[in-house]
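S.K.: Below is the structure, and that's it, no one-letter string:
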């Protein structure tokens, strides 16, 4: 988009869905039909343009979000294809943070699946308008109507079908556009590139008329003009309907629903039309809001004339250049060679190069304008979620929150030569992936890497070997437990130590602790008067307490869901120091936490198993043996059953192999993190003994 380019003709969109719903296949077709690529990449052949990592091509899944740009009907579309696997949900989170709109893809057979719900909630969090695309209409068991009903039921949204399929499964032949009242077919000889429009045949007239009436009726609830014409039984033009749909979509009141089969090259061009017609440009979303140095909020409009304001939303290691930082420019212009300020790190940065990305290929450009997305080279200090603004400016955009890892493994270099390379490579991966953590176990000296699931860590180890050429040995996966307390307690810490020169250091702190509800985190408050302990000392006490929470009293796991209250202590004018109060606070917290009946918490996963009727009993019995709570079952067409359960992660290692064995390879499952729950006492006792080396 040039400086004089029309922002109204720019779309920044993401493609999001459950794993295997067809996101990457749909993106490949979009690139082909817009002329961005001259071949159709296929995920199953390992030659998809957007799945460029070796690990993606081998597994047939998307691991890292890939960005590209294309043009359709004089509109520029920046697209980010996001992963569908729950282990890489952070990729979806940080992309939705900077996107203006999204296409949510659903499998016509599976409907709304667990990860569909997760990404939908992420889009709700960032108020992202979206359109829905029911893909795989050619598959056995495809059911468009059922998918639409599931959207309303599970996602609590208002789906508005603006198309209906012509046939389904093998007989899926095209779509009926309800807004323009046309039958749309896709020429197979041209791989769907030639779109054929016809009047609606007589055999579909009744069905399409009923569907269009339902569309107008639903739209009337959100648009007074449509309501007026509907009540007066006046005809509505396609332009009037499109305008009403666009307005309601941008207000997040409803979601237009389309259908097709990307793999069979049917339905993609109308989907592109819908992106242009219904999803927002940077001018349609509210101005970005940040906070200035003095704490005052400030807005920036999407305009080149405003001061520069950009967000670095993703970092990526690149073998050919320094780290790439993907940025969204909200206002102003970002130019090559310019110096910018990072108010989060309080550092000045220089922009070395700017590029538009096309998966792993890059096209160098001179500048990025308001509303655009690109990648920059040269940032030394900025990390994911940091703001970039002009020198002399100090505006911070809202930062991103990243989930805590739920699983860890010990890793060590194979030889002496790998030691330095391993630490350096892990640091690089941790910089680009905020859901990945590296720490040194203080007791054993082992390096522990932690992530969002077995696949997440498997991919990282694979990258270490292939991409970073590091030899490493990896231990067995370990669950990332947490600790909390189950009772109220109080602890006292008094620190007195003489120092050189005859003066002593003195600190005296009394802390109370009490349990909080699951998921409430950590709260600290002070309930003492300034004459007992000066207000200037309290932040040092709070910092020490929060540092102490990283290692609980039971096994040294992080402490969660606890309120710590400063209730007493004493202060000496001459001898008290922040350091002394820090030591006293640590002593007081340790005592209080030990006396508050500490308990172990474990990550519990939401499990959904799709299994043929014949194996339902075995699957439920196996779930029960893994301490699962069965939340319900449901039937699906084709003799399939859905089992939903909550199950501790500790019981799920190797589950995919066990499930395949028990069901002759005919069942499948999805699993995602739900919450932390208390470990039953008898199991907690065994874990404590094992970790302490007693058994």
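M.R.: The structure has been received and is ready for your questions. Just so it is clear, the model here is predicted, and its values are computed rather than measured. Numbering: from 1, shown residues only.
S.K.: I'd like to know how many residues surround residue 280.
M.R.: 20 (other C-beta atoms under 10 Å). (Each C-beta comes from the backbone N, C-alpha and C, glycine too.)
S.K.: contacting residues for it?
M.R.: 11, 100, 101, 129, 250 (C-beta atoms under 8 Å, 6 or more residues apart in numbering).
S.K.: one more time with 6 Å
M.R.: Taking C-beta atoms under 6 Å, 6 or more residues apart in numbering, we find residue 280 in contact with 100, 101, 129, 250.
S.K.: In space, what's closest to it - neighbours in sequence excluded?
M.R.: Nearest in space to residue 280, with sequence neighbours left out and distances taken as C-beta to C-beta, 6 or more residues apart in numbering, is residue 100 at 4.8 Å.
S.K.: hang on, the one you found packs against residue 285?
M.R.: Yes - judged on C-beta atoms under 6 Å, residue 100 makes contact with residue 285 at a distance of 5.2 Å.
S.K.: And these two? Which one has more around it.
M.R.: Neighbour count, other C-beta under 10 Å: between residue 100 and residue 285, residue 100 has more, with 25 against 19.
S.K.: From the chain's centroid, how far away is the helix or strand harbouring residue 329?
M.R.: Secondary-structure assignment from DSSP states H and E places residue 329 in strand 324-331. Put simply, strand 324-331 sits 18 Å off its chain's centre (C-alpha atoms, centre = their mean, to the nearest Å).
S.K.: centroid residue for this protein?
M.R.: By C-alpha atoms, centre = their mean, the chain has its centre lying nearest to residue 93, at 2.8 Å.
S.K.: That residue: what secondary structure?
M.R.: Here residue 93 is recorded as helix under DSSP: H, G, I helix; E, B strand; the rest coil.
S.K.: shouldn't residue 212 be in contact with residue 178?
M.R.: Yes - contact status for residue 212 versus residue 178: in contact at 4.6 Å, counting by C-beta under 6 Å.
S.K.: show me what contacts residue 111?
M.R.: Residue 111 touches 147, 150, counting by C-beta under 6 Å, 6+ apart.
S.K.: What residues are bridge-paired with it?
M.R.: Assessed by DSSP bridges, residue 111 has beta-bridge partners residue 107.
S.K.: Moving along the chain from whichever strand or helix holds residue 348, name the first helix or strand you hit.
M.R.: Residue 348 belongs to strand 347-350 when assigned by DSSP H and E. Under the assignment DSSP H and E, the closest C-terminal helix or strand after strand 347-350 is strand 353-358.
S.K.: residues making contact with the helix or strand following that next one?
M.R.: Following strand 353-358 in sequence order, the next helix or strand is strand 361-365 (DSSP H and E). Identification of contacts with strand 361-365 by C-beta under 6 Å, 6+ apart yields 354, 355, 356.
S.K.: cutoff 8 Å now
M.R.: 353, 354, 355, 356, 357, 374, 375.
S.K.: need the contact list for the residue lying closest to residue 528 once chain neighbours are set aside.
M.R.: The shortest distance from residue 528 to any non-neighbouring residue, by C-beta to C-beta, 6+ apart, is to residue 566 (5.8 Å). Residues in contact with residue 566 (C-beta under 8 Å, 6+ apart) are 509, 510, 511, 524, 525, 526, 527, 528, 533, 538, 541, 542.
S.K.: Could you pull up phi and psi at residue 566?
M.R.: With angles defined as degrees, to the nearest 10, residue 566 shows backbone torsions of phi -80, psi 110.
S.K.: same deal with residue 577?
M.R.: Here is the backbone geometry of residue 577 (degrees, to the nearest 10): phi -130, psi 160.
S.K.: Does it touch residue 496 like I think?
M.R.: No - Residue 577 sits out of contact with residue 496 when judged by C-beta atoms under 8 Å, with a separation of 11.5 Å.
S.K.: joint contacts of the two?
M.R.: Listed as contacting both residue 577 and residue 496 by C-beta under 8 Å, 6+ apart are 505, 506.
S.K.: So which of those two has more stuff around it?
M.R.: Of the pair residue 577 and residue 496, residue 577 is the one with more neighbours under other C-beta under 10 Å, namely 18 against 13.
S.K.: For the stretch 101-250 of the chain, just list every one of the helices.
M.R.: Remark: helices assigned in the stretch 101-250 of the chain by DSSP state H, counting those that start in this stretch are 114-125, 144-155, 202-220, 224-231, 238-250.
S.K.: Kindly apply the preceding question to the stretch 401-550 of the chain instead.
M.R.: In the stretch 401-550 of the chain, the helices defined using DSSP H, counting those that start in this stretch lie at 418-432, 454-466, 538-548.
S.K.: can you put those in JSON lines and add mean pLDDT, mean neighbour count and distance to residue 191?
M.R.: JSON lines is the format used below for those (pLDDT from 0 to 100; neighbours: other C-beta atoms under 10 Å; distance: least, C-beta to C-beta, whole Å):
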{"stretch": "helix 418-432", "mean pLDDT": "85", "mean neighbour count": "16", "distance to residue 191": "36"}
{"stretch": "helix 454-466", "mean pLDDT": "83", "mean neighbour count": "19", "distance to residue 191": "32"}
{"stretch": "helix 538-548", "mean pLDDT": "93", "mean neighbour count": "18", "distance to residue 191": "58"}
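S.K.: And those helices: which comes nearest residue 200?
M.R.: Residue 200 sits nearest to helix 454-466 of all these, at 45.9 Å, using C-beta to C-beta.
S.K.: returning to that earlier point: what is the burial count for the closest residue to the residue nearest to the centre of the chain other than its chain neighbours?
M.R.: In space, and not counting its chain neighbours, residue 93 is closest to residue 122: 5.5 Å by C-beta to C-beta, 6+ apart. By other C-beta under 10 Å, 21 other residues sit near residue 122.
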